[in-house]
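Chemist: What shape does this take:
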Amino acid sequence: MNNNNGKKQKKALTIKEASSITEIPVHTIRFWEKEFKGFLTPKRTNGGQRRFDESTLKDIVRLKDLIYGKGFSIMGARKALGIKDNGRNHIFKGKTVLITGGTGSFGKKFTEIILRKYKPKRLIILSRDELKQLEMSQEFNDPCIRYFIGDVRDRDRLYRAFYDVNYVVHAAALKQVPAAEYNPFEAVKTNIMGAENVINVSIDQGVKKVIALSTDKAANPVNLYGATKLCSDKLFIGGNSYAGGRVSRFCVVRYGNVIGSRGSVVPFFKKMKKTGVIPITDERMTRFWITTEQAVEFVVRSFEIMQGGEIFVPKIPSMKIVDLARGIAPECKQKIVGIRPGEKLHEIMVPEDDARKTLEYDDYFLIQPEFTGWGAGNWKGGRKVPDGFKYSSDTNTWWLTVEEIKEMTGIKKQEHEIEHREDLQVGAHAN
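Modeler: Below is the predicted model:
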């Protein structure tokens with residue numbers, strides 16, 4: 001087809017074609033279109049189908065660079081592009097929010113984002129470690145913050161801490177797989193009995209919504225940590241039945257490995273880089289991958305859409321453990337050392353047995369509860385996944401490249417800084 005100038009017009013692309021060219025999943029493009037209104041605006045046919053031209057492809061590539069290349073959160077990318085918030089996601093504004101285990105990696109990022117964006121009346125950080133609270137208070141000293149020493153094992157302390165609280169994020173847990181195997185009773189006390197305490201106290205104190213953070217290791221668990229988190233997930237879902245006609249509602253957010261969190265493999269690989277050898281448990285191993293910012297934003301969003309009893313699972317990329325090693329330490333040898341007790345080759349977040357009750361949305365899955373006697377059940381817009389479906393790190397359709405891993409772990413930035421210093425030195429010698 002030719003235009004009036006005799007030049008051949010370029011074909012408008014479907015969303016699948018745009019996905020193939022930009023290497024961004026279709027569901028992510030749809031999600032970005034919602035999050036970046038006014039920036040990513042593909043044209044529509046009379047039937048409502050999206051059509052992408054060269055300009056909108058460039059917009060997708062720009063978002064890809066900001067989010068995956070430079071590691072921006074959705075909120076950070078919106079700010080970089082000059083997109084105003086217009087009061088989105090104000091569920092916490094003027095409310096009291098409490099996070100258990102609030103001095104951990106998630107808690108710190110949650111605090112940073114909540115303070116900057118949502119303006120709560122009070123933000124309560126509940127944790128056991130006074131030193132970590134002292135260090136965190138030196139970084140976050142907003143007048144609305146309250147630092148409470150306490151343990152989720154201590155129900156009496158929770159009764160005091162949860163007074164007049166509107167929303168709770170339950171992030172406290174014993175999370176190290178080897179430690180849980182060696183100290184099983186302690187893992188049960190924190191991860192299971194602690195969950196029971198949070199549920200009962202939330203109901204009694206009239207907390208409106210509670211989200212418990214879970215893990216991919218809770219799906220078809222093979223280690224004690226995963227088993228305790230599966231039990232915790234079941235308790236929080238069942239907590240809706242316990243609440244009955246009271247206001248409290250509970251749900252679960254399940255996601256994979258968090259980049260750079262305490263105890264993650266990234267700091268370990270960076271440390272081992274100095275030795276010249278990176279230990280690899282198994283070259284076939286894969287894992288789900290999420291940034292702390294993405295995890296926080298998904299939790300905040302889940303507060304808004306939850307009815308009670310759901311397990312929310314974000315769609316996130318997978319990576320191969322050997323690619324992670326190549327990204328962090330390409331010059332190092334890789335030594336296969338074997339899988340540790342309690343480890344899997346691949347992680348799963350939606351088991352095949354849960355397919356019959358799983359709904360798929362553009363950027364997440366929703367595992368519905370078996371029972372909805374508390375009034376939940378009208379989840380709109382989701383598509384039933386096919387029988388036999390599973391969401392596993394090895395069969396995922398979204399994979400991180402070595403270059404993307406370098407960007408997300410900060411290695412690319414370090415390489416650029418080294419190149420810049422070398423250029424300066426060369427320039428100095430030349431003068």
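Chemist: P221 in helix, strand or coil?
Modeler: Recorded secondary structure, P221: coil (DSSP: H, G, I helix; E, B strand; the rest coil).
Chemist: hey, what's F288 bridged with?
Modeler: S318 (DSSP bridges).
Chemist: That one: neighbouring residues, count only.
Modeler: Residues within reach of F288, counting by other CB atoms under 10 Å, total 27. Placement of C-beta: from N, CA and C, glycine included.
Chemist: Hmm, it is touching V258, no?
Modeler: No. Counting by CB atoms under 8 Å, F288 stays clear of V258, with 9.8 Å between them.
Chemist: Could you list the buried residues of stretch 336-345?
Modeler: Residues 342-344 are the ones in stretch 336-345 that count as buried (16 or more other CB atoms under 10 Å).
Chemist: possible to save these as a markdown table with pLDDT and distance to Y364?
Modeler: A markdown table is the format used below for those (pLDDT from 0 to 100; distance: CB to CB, whole Å):
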| residue | pLDDT | distance to Y364 |
| --- | --- | --- |
| G342 | 82 | 27 |
| E343 | 88 | 26 |
| K344 | 92 | 22 |
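Chemist: Name the nearest of these relative to Q307.
Modeler: Nearest to Q307, judged by CB to CB, of the buried residues of stretch 336-345 is K344 at 31.3 Å.
Chemist: residues touching R153, list them.
Modeler: Contacts for R153 (CB atoms under 8 Å, 6 or more residues apart in numbering) come out as 189-190, 193-194, 197.
Chemist: Just say helix, strand or coil for it.
Modeler: coil.
Chemist: Over to A77?
Modeler: helix.
Chemist: Could I get the pLDDT score of it?
Modeler: Model confidence at A77, given as pLDDT, is 87.
Chemist: From M408, how far out is it?
Modeler: Separation of A77 from M408 (CB to CB, to the nearest Å) stands at 14 Å.
Chemist: With neighbour numbers in mind, choose between these two.
Modeler: M408 (24 against 21).
Chemist: Need the CA coordinates for the helix or strand in which that one is found. CSV is fine.
Modeler: M408 belongs to helix 402-409 when assigned by DSSP states H and E. Extracted in CSV, the C-alpha atoms of helix 402-409 (Å, rounded to 0.1, in the frame of the first residue of the first chain):
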residue,chain,number,x,y,z
VAL,A,402,23.2,-12.5,30.6
GLU,A,403,23.2,-8.8,29.7
GLU,A,404,19.9,-8.2,31.6
ILE,A,405,21.3,-10.0,34.6
LYS,A,406,24.3,-7.8,34.5
GLU,A,407,22.1,-4.7,34.5
MET,A,408,19.9,-5.9,37.3
THR,A,409,22.7,-7.0,39.6
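Chemist: Please list the outside residues in contact with that helix.
Modeler: So helix 402-409 is contacted by 68-71, 259-260, 266, 289, 291, 319, 323-324, 326-328, 330, 400, 411-413, 415 (CB under 8 Å, 6+ apart).
Chemist: do that again at 10 Å, thanks
Modeler: In this structure, residues lying in contact with helix 402-409 by CB atoms under 10 Å, 6 or more residues apart in numbering are 23, 64-65, 67-71, 259-260, 266-267, 269-270, 289, 291, 317, 319-320, 322-328, 330, 400-401, 411-415.
Chemist: Mark which of those residues are buried, thanks.
Modeler: 64, 67-69, 71, 259-260, 266, 269-270, 289, 291, 317, 319-320, 322-328, 400, 411-412.
Chemist: Look up phi and psi at G244.
Modeler: phi 60, psi -120 (degrees, to the nearest 10).
Chemist: Excluding chain neighbours, what is closest to it?
Modeler: Spatial nearest neighbour of G244, excluding adjacent residues (CB to CB, 6 or more residues apart in numbering): W374 at 7.1 Å.
Chemist: What of E196?
Modeler: That would be L235: by CB to CB, 6+ apart, it lies 6.0 Å from E196.
Chemist: now do I328
Modeler: Per CB to CB, 6+ apart, closest to I328 is F269, 4.6 Å.
Chemist: And the chain, what are its domain boundaries?
Modeler: 15-80, 96-259+289-316+348-394 (automatic domain parsing).
Chemist: which of those sits most buried?
Modeler: domain 96-259+289-316+348-394 (a mean of 19; mean count of other CB atoms under 10 Å).
Chemist: Endpoints of it, how far apart?
Modeler: Using CA to CA, to the nearest Å, one end of domain 96-259+289-316+348-394 lies 40 Å from the other.
Chemist: State the distance from E360 to V313.
Modeler: 10 Å.
Chemist: Also A218?
Modeler: Distance of A218 to V313, computed by CB to CB: 11 Å.
Chemist: quick one: low-confidence ranges for the protein?
Modeler: For the chain, the stretches flagged by pLDDT under 70 are 1-10, 85-90, 260, 263, 412-431.
Chemist: For the spatially most central residue of it, give me its contacts.
Modeler: Most central in the chain under CA atoms, centre = their mean is A295, positioned 2.5 Å from the mean C-alpha point. A295 is in contact with 73, 105-106, 109-110, 171, 213, 253, 255-256, 258-259, 261, 314, 316, counting by CB under 10 Å, 6+ apart.
Chemist: Over to K208?
Modeler: 91, 95, 165-168, 202, 247-249, 303.
Chemist: Where strands are concerned, which of those count?
Modeler: In strands, judged by DSSP state E, the following of the contacts of K208 are found: 167-168, 249.
Chemist: For T228, state which of these is nearest.
Modeler: V168 (19.2 Å).
Chemist: The closest residue to E331 other than its chain neighbours: neighbouring residues, count only.
Modeler: Nearest residue to E331, sequence neighbours excluded (CB to CB, 6+ apart): G276, at 7.8 Å. By other CB under 10 Å, the residues close to G276 number 10.
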